[in-house]
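> Just the structure for this:
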Amino acid sequence: MENHPPPTPGVDTGQLESFLHGINRQTNGYLPPLRLSDFLALLRHGGAVFTPGAVLNGIGRYAWGEILVDLRVLAQLVLLAVICAVLENLQGAFEREAVGKLAYTVGFLALVALAFGSFVTAMQGARGSLDQLVSYMEALVPLLLTLLAGTGAFTTAGLFQPILVATVNGVSVLVADVVLPLLFLAAVVEVVGGISTTWRLSYLAGLLRQGSIFALGLLFSVFLGVIAVEGVVAPVADGVALRTGKFLATSFIPVVGKMFSDATELILGSSLMLKSAVGLVGAIGILFLMVFPLLKLISLVLSYRVAAAVIQPIGVNQVVEALNSMANSLTMVLISLGLVTFMFFLAITIVLGAGNAVILGGGA
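The predicted model follows:
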């Protein structure tokens, strides 16, 4: 049974540690456990919490397990495709051509249903992972900004608070309610269009995917611009204010002011260390939280691609197009989740860098 470390004195880290325990349960047996107390000890005494080799080994073992699971789906897809090809070639043997077409259509629909079942499961898993990531950020951001203000970065914390909250909420709404539904609809439209040979919907599916790409690109551009500007400007103002306050205290209150200035540096240094530990474990927690969902998507996309490559020589072109369509949509889902993970990870690192810049600017 896992021993839960006590909360950090003076700061309510219970919600963050609760999320860390949840991540540890999800990655149990594959990745090293994440504990805030371990990272605090790391900053105080040095050493290492875990080694990169252990992380890579766990990721490799999980990825291999996912590949084995998807190989079963791949084998079923190929078997049904062979049956469809046989039925298509034997249509002339039936007394009525409609009977042969009906048999082929039934086999085709069974194959599409099998592939689409795993596709829907993957889409639902992606939505669940996104919701979990947003909840994690909602627990991490207020704590991190509180500790950032404790380092004297009041302006930086005040500016980052609405920006990060708006970013987390805006990203969740845009990706969950716009991008993922567009990608799901694109796959459905292209698969349905592939059933008939008289009317096609591939251009409509492509338009839907282009819409999702445009939304993601716009979101990422706005995010980078706003966060980068705030991360540079706000720490300068905080650093000047902190340096001015220390100068005034030391100059106009000769004895007590010097003691006050030294005590302030000690308090700010302790707050900086705690903020660094929270930010470090928070950033790694984002990666640990999303690495397995991303690996699942990668494995399923590869399965669809391999199945399409194996089935194509058989001659069942409608099946190949359907598999490629689902693979294309899942690839965009993978990119969307990866981009959201990168944006949130970058936001945390920028907040950490802003706090360090304030301390360095104030201590100069």
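
> What average pLDDT does stretch 209-222 get?
Here stretch 209-222 scores 84 as its mean pLDDT.

> which other residues reach it?
Stretch 209-222 has contacts (C-beta atoms under 8 Å, 6 or more residues apart in numbering) with 170-171, 174-175, 178-179, 182-183, 186, 328-329, 332, 335-336, 339, 343. The way it works is simple: take the backbone N, C-alpha and C, and place the C-beta from them, glycine included.

> What does the pLDDT read for the residue nearest to Cys84 when sequence neighbours are not counted?
Of all residues not flanking Cys84 in the chain, Gly107 sits nearest, at 4.2 Å (C-beta to C-beta, 6 or more residues apart in numbering). Looking at Gly107, its pLDDT reads 71.

> Over to Ala234?
Looking at Ala234, its pLDDT stands at 47.

> And for the one 4 residues further on?
With respect to pLDDT, Asp238 scores 44.

> repeat for Thr264
Note on Thr264: pLDDT of 45.

> for Asn317, same thing?
pLDDT, Asn317: 77.

> how many neighbours does the nearest residue to Arg305 once chain neighbours are set aside have?
Closest residue to Arg305 apart from its sequence neighbours, by C-beta to C-beta, 6+ apart: Ala327 at 5.4 Å. Residues contacting Ala327 under the criterion other C-beta atoms under 10 Å number 22.

> Just say helix, strand or coil for Ala327.
Under DSSP: H, G, I helix; E, B strand; the rest coil, Ala327 falls in the helix class.

> Relative to Gly117, how far out is it?
Look at Ala327 and Gly117: by C-beta to C-beta, to the nearest Å, they are 15 Å apart.

> In this structure His349 contacts Ala283, no?
One correction, residue 349 is Thr, not His. Yes: the pair Thr349 / Ala283 is scored as a contact, 6.2 Å apart, by C-beta atoms under 8 Å.

> out of the two, which sits in the more crowded spot?
Ala283 (20 against 15).

> ok, and the closest non-adjacent residue to that one?
Distances taken as C-beta to C-beta, 6+ apart place Ile348 nearest to Ala283, at 4.6 Å, with adjacent residues excluded.

> same question, Leu71
Nearest non-adjacent residue to Leu71, counting by C-beta to C-beta, 6+ apart: Ser303, 7.4 Å away.

> what about that neighbour, which helix or strand?
Ser303 is part of helix 254-311, with elements assigned from DSSP states H and E.

> Where does pLDDT dip in the stretch 51-200 of the chain?
Applying pLDDT under 70 to the stretch 51-200 of the chain flags residues 87-101, 103-104, 149-161, 194-199.

> which residues of it fall in helices?
52-89, 97-150, 154-174, 180-195 (DSSP state H, counting those that start in this stretch).

> For the ones you listed, could you give me CSV that also reports mean neighbour count and distance to Val320?
Shown next, in CSV, are those (neighbours: other C-beta atoms under 10 Å; distance: least, C-beta to C-beta, whole Å):
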stretch, mean neighbour count, distance to Val320
helix 52-89, 16, 9
helix 97-150, 18, 11
helix 154-174, 18, 32
helix 180-195, 20, 9
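
> Turn those helices into TSV, including distance to Ala205.
Formatted as TSV, these follow (distance: least, C-beta to C-beta, whole Å):
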stretch	distance to Ala205
helix 52-89	20
helix 97-150	14
helix 154-174	20
helix 180-195	4
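
> what about these, which gets the closest to Leu20?
Ranking those by proximity to Leu20 (C-beta to C-beta) places helix 97-150 first, at 9.2 Å.

> Compute the number of surrounding residues for Ala309.
For Ala309, the neighbour count with other C-beta under 10 Å is 12.

> what does Leu352 give?
For Leu352, the count of nearby residues is 21 (other C-beta under 10 Å).

> on that earlier part again, what residues are up against the residue nearest to Leu71?
Contacts of Ser303 (C-beta under 8 Å, 6+ apart): Asp70, Leu71, Val73, Leu74.

> residues in contact with stretch 312-327?
With C-beta under 8 Å, 6+ apart, stretch 312-327 has contacts from 77, 81-82, 84-85, 88, 108, 111-112, 115-116, 119, 186-187, 190-191, 194-195, 197, 202, 205, 301, 304-305, 307-308, 311.

> try 6 Å
Contacts with stretch 312-327, where a contact means C-beta atoms under 6 Å, 6 or more residues apart in numbering, come from 81, 84-85, 111-112, 119, 187, 190-191, 194, 301, 304-305, 307-308, 311.

> Among those residues, which one lies nearest to Gly65?
Gly65 lies nearest to Val301 out of the contacts of stretch 312-327, by C-beta to C-beta, at 16.5 Å.

> which residues touch Val189?
Val189 touches Leu201, Leu204, Ala205, counting by C-beta under 6 Å, 6+ apart.
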